[in-house]
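>>> Sequence plus predicted model, see below.
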Amino acid sequence: MFVAMFVASLIVVIMFHEFGHYATAKLFGMKVEKFFLGFGPTLWSVRRGETEYGVKAIPAGGFVKILGMSQYEEVDPADAGRTFHEQAAWKRAIVLAAGSATHFLVAVVLLFCALAFVGLPSASNVVDFVTDDSPAQRAGLQQGDAIVAVDGVATSDFESVRELVTARGGATIPLVVDRDGSRTELSVTVAEETPDGERQGFLGVAPTAVNQRLPAGEALVGTVAGDFSVVELTRLTFRGLAEVFSPTGLSNWLGSIGDQGPRDASGPVSLVGIGQVVNAAGAAGDVFAVLGLLANLNIVLGILNILPLPPLDGGHLAVLGVEQSVNGVRRLRGKRPTWRLDPSVVTPVALAVILFFVVLSLTALYVDITKPASELIQ
């Protein structure tokens, strides 16, 4: 079920991306000739006004055809003034960047839903598990007990319990627990070190995980500031992508493909791998993680699409920037600002980028099949 939901969400993400280009082009009066989901043979299409909408056989992306995107395209005189390249540079830049912008907008919506409607995962003061032969077991703590006070200090979550216990190693202190609606005071002698030998107070309980929903205002602020904000996730994702695609990162990842050891957590993941992780998180009932993963996927797509590499949107923006720079110099020299970059210069770079991502995707797919990405969250 979660795999089907993941596939459906990918289709929606693609539609939003293309709609970003479509809506901004329409807003600026450009003629949008086609809006299609997928590639290859046409399965279905319908014309509404001047735009043909449809679905192609291969659901691996989508496209919006705006009149005048190619400098060699013939334009009907009746459409003069409505082609892409006749528009002001800032309008063209907005249209090109709108696809990536929608990914970040979708990420904001997903994170808002995660924070406001699902809730932030946190450890409560309710005991989920008592370790055998631990101070907690000897004191009579039971599963389901809510620790409401430690040594006279009120506790509302597990973090406050942990901090108080950690500082009281070797001491005998009172614990107040809420058990089946009634409060009971227990006396516990806190161990002076953990089972691992760390010198700190140890009780021997595991907390029950709960989701704490945030008010709508706090959730909205949380999407742009804080540990789960789009800004922070974008920063971490950008840094992670830089490490993955660095020569060292790719070399280490490729070198680990054939070994028998555990999967390299820092390597690329295909859409199949992301689907595996989403399915595992969904099967475990972790809706917050599912929404977080989908938000992070949108951030990754937003960053990749805006990279200054043809044929990505960022590549078109880079070409626009080069043309504007050259034409700016031409204006200063009293020449007409009509210089256009020859597509034959960009084509080899575009083909190299496509080849790189195809090889990378196939290799990542092989890794996801032989070493499922779901292993990373187990």
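That came in fine, so what should we check first? Numbering: from 1, shown residues only.
>>> going forward, measure contacts between C-alpha atoms and count neighbours the same way
OK.
>>> which residues of the stretch 201-350 of the chain score low on pLDDT?
The model of the stretch 201-350 of the chain has no residue with pLDDT under 70.
>>> And the helices in this protein?
Counting by DSSP state H, the chain has helices at residues 2-27, 89-113, 135-139, 158-166, 216-222, 230-244, 247-256, 271-283, 287-306, 313-332, 343-370.
>>> Report the mean confidence score over the fourth one.
Per-region confidence: helix 158-166 scores 94 on mean pLDDT.
>>> what does that helix contact?
With Cα atoms under 8 Å, 6 or more residues apart in numbering as the test, helix 158-166 has contacts from 123-126, 147, 149-150, 155, 190, 200-203, 207.
>>> coming back round to it: possible to save the helices of the chain as CSV with mean neighbour count and distance to Val75?
Listed next are those as CSV, based on neighbours: other Cα atoms under 10 Å; distance: least, Cα to Cα, whole Å:
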stretch, mean neighbour count, distance to Val75
helix 2-27, 18, 17
helix 89-113, 22, 18
helix 135-139, 18, 80
helix 158-166, 18, 67
helix 216-222, 16, 45
helix 230-244, 16, 40
helix 247-256, 15, 45
helix 271-283, 20, 39
helix 287-306, 21, 28
helix 313-332, 17, 20
helix 343-370, 14, 18
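>>> Any chance of TSV for those helices, columns distance to Tyr53?
Below are these laid out as TSV (distance: least, Cα to Cα, whole Å):
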stretch	distance to Tyr53
helix 2-27	11
helix 89-113	18
helix 135-139	65
helix 158-166	54
helix 216-222	34
helix 230-244	32
helix 247-256	40
helix 271-283	26
helix 287-306	23
helix 313-332	21
helix 343-370	26
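>>> can you tell me which of the contacts of helix 158-166 lies nearest to Val367?
Ala123 (34.2 Å; Cα to Cα).
>>> what about stretch 367-374, how long is it end to end?
12 Å (Cα to Cα, to the nearest Å).
>>> I'd like the distance from it to the chain centre, please.
Offset of stretch 367-374 from its chain centre (Cα atoms, centre = their mean, to the nearest Å): 19 Å.
>>> got it, and stretch 91-105?
17 Å.
>>> Check what contacts that stretch and list those residues.
Contacts of stretch 91-105 (Cα under 8 Å, 6+ apart): 13, 16-22, 24-25, 28, 84-85, 230, 298-299, 301-303, 305-306, 313-314, 316-317, 320.
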